[in-house]
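Q: from the sequence below, what's the structure:
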Amino acid sequence: MSVYQLSNDELLTLGTRILESVQTPPIQEALATVGYDEAAFQRGQALRDAFAAAVQARQSAFGEQITATETLQDAWDAFHSQTYMPHVTIARVVFDGDGTIRRLGIDGKRPVAFDAYLQEARRFYQTVSGDEALQGALARRGVDAAAVSAAQADLDQLEALDQTQEREKAEAQQATRAQSDTRRVFADWVADLQKFAQVALADQPDLAEQLGLTVRAG
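A: Residues are numbered from 1 along each chain as shown. Here you go, the predicted model:
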């Protein structure tokens with residue numbers, strides 16, 4: 001199987017085995033005949049270490065993205081069920097039969113997309129807080145100025161959590177690109193070494209196997 005078809009873990013395992021094997025005198029001497037010296041092996045080690053670090057960084061970045069997404073979703077669910085929908089339901093009862101429900105933007109279903117949901121909820125509370133008549137009618141049913149202010153603070157927090165999620169998403173994408181770049185460079189190094197080792201160790205199949213090669217007789 002080509003090194004380019006290996007999984008990240010398989011490539012790291014093969015690369016580590018190769019870098020350990022090239023330190024043994026017979027393989028080191030054979031590879032020296034095709035231009036591989038200690039500097040070449042040090043470069044290979046540096047490329048392997050960079051790839052391993054990139055794999056770890058990507059794993060960590062995606063873990064942080066998942067955590068940020070779950071945190072936002074939990075906070076959104078709590079706000080929707082414990083704050084916004086109770087307030088919307090009360091407003092619909094209080095203002096049933098007139099155009100206020102449409103004015104508050106709560107006719108129909110709530111948006112599914114976060115950005116649209118956030119804007120709808122902000123408009124709802126801004127409309128209420130900017131109209132004394134609306135404030136008075138809702139305050140008598142438990143949605144007073146303090147409740148509106150608290151809801152707006154919750155929306156600010158939701159927006160901040162969304163920004164955190166987007167930042168973590170961008171960092172995860174950057175980590176993926178870094179992993180891809182370091183993988184390609186290290187895989188190229190391994191593939192090139194194997195091509196030259198195939199020649200240098202053509203009559204020593206046991207040593208070639210340590211480098212992930214199978215030398216065919218004849």
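Q: what number of residues lie near K169?
A: K169 has 16 neighbours, counted by other C-beta atoms under 10 Å. All C-beta atoms are positioned from the backbone trio N, CA, C, and that covers glycine.
Q: name the element it belongs to?
A: Using DSSP states H and E, K169 maps to helix 145-200.
Q: next one: D98
A: Applying DSSP H and E, one finds D98 in no helix or strand.
Q: what do you get for L31?
A: L31 belongs to helix 25-32, assigned by DSSP H and E.
Q: what packs against the helix or strand harbouring Q73?
A: Assigned by DSSP H and E, Q73 belongs to helix 38-79. Judged by 3 or more C-beta pairs under 8 Å, 6 or more residues apart in numbering; DSSP states H and E, helix 38-79 is in contact with helix 8-21, helix 114-129, helix 145-200.
Q: what about Q163, distance to Q126?
A: Look at Q163 and Q126: by C-beta to C-beta, to the nearest Å, they are 20 Å apart.
Q: then Q204?
A: In terms of C-beta to C-beta, Q204 sits 78 Å off from Q126.
Q: and the contacts of the helix holding L31?
A: By C-beta atoms under 8 Å, 6 or more residues apart in numbering, the residues outside helix 25-32 that reach it are 21-22, 193, 196-197, 200-201, 204, 207, 210-211.
Q: just the buried residues of those.
A: Buried by 16 or more other C-beta atoms under 10 Å: 21-22, 193, 196-197, 200-201, 207, 210-211, out of the contacts of helix 25-32.
Q: and the least confident of those residues?
A: Among the buried ones among the contacts of helix 25-32, Q210 carries the lowest pLDDT, at 85.
Q: who touches that one in this structure?
A: By C-beta under 8 Å, 6+ apart, the contact set of Q210 is 17-18, 21, 24, 27.
Q: CA atoms only for the helix or strand bottoming out on mean pLDDT in the chain, dumped as CSV, please.
A: Every helix and strand in the chain was compared by mean pLDDT, DSSP states H and E; the lowest is helix 205-209, with a mean of 87. Presented in CSV, the C-alpha positions along helix 205-209 are these (Å, rounded to 0.1, in the frame of the first residue of the first chain):
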residue,chain,number,x,y,z
PRO,A,205,15.1,-8.1,1.8
ASP,A,206,15.1,-8.6,5.6
LEU,A,207,16.5,-5.0,6.1
ALA,A,208,14.2,-3.6,3.4
GLU,A,209,11.2,-5.0,5.3
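Q: buried sites along that helix?
A: For helix 205-209, using 16+ other C-beta under 10 Å, the buried residues are 207-208.
Q: who touches L14 in this structure?
A: 3, 6, 190, 212.
Q: repeat that with 10 Å
A: For L14, the contacting residues are 1, 3, 6, 48, 187, 190, 194, 211-212, by C-beta atoms under 10 Å, 6 or more residues apart in numbering.
Q: R141 now?
A: 87, 90-91, 93-94.
Q: one more pass at 6 Å, please.
A: By C-beta atoms under 6 Å, 6 or more residues apart in numbering, the contact set of R141 is 90, 94.
Q: let's verify it: helix, strand, or coil?
A: Per DSSP: H, G, I helix; E, B strand; the rest coil, the local secondary structure of R141 is coil.
Q: tally of neighbours for the closest residue to T100 other than its chain neighbours?
A: Nearest non-adjacent residue to T100, counting by C-beta to C-beta, 6 or more residues apart in numbering: L134, 7.2 Å away. Using other C-beta under 10 Å, L134 has 20 neighbouring residues.
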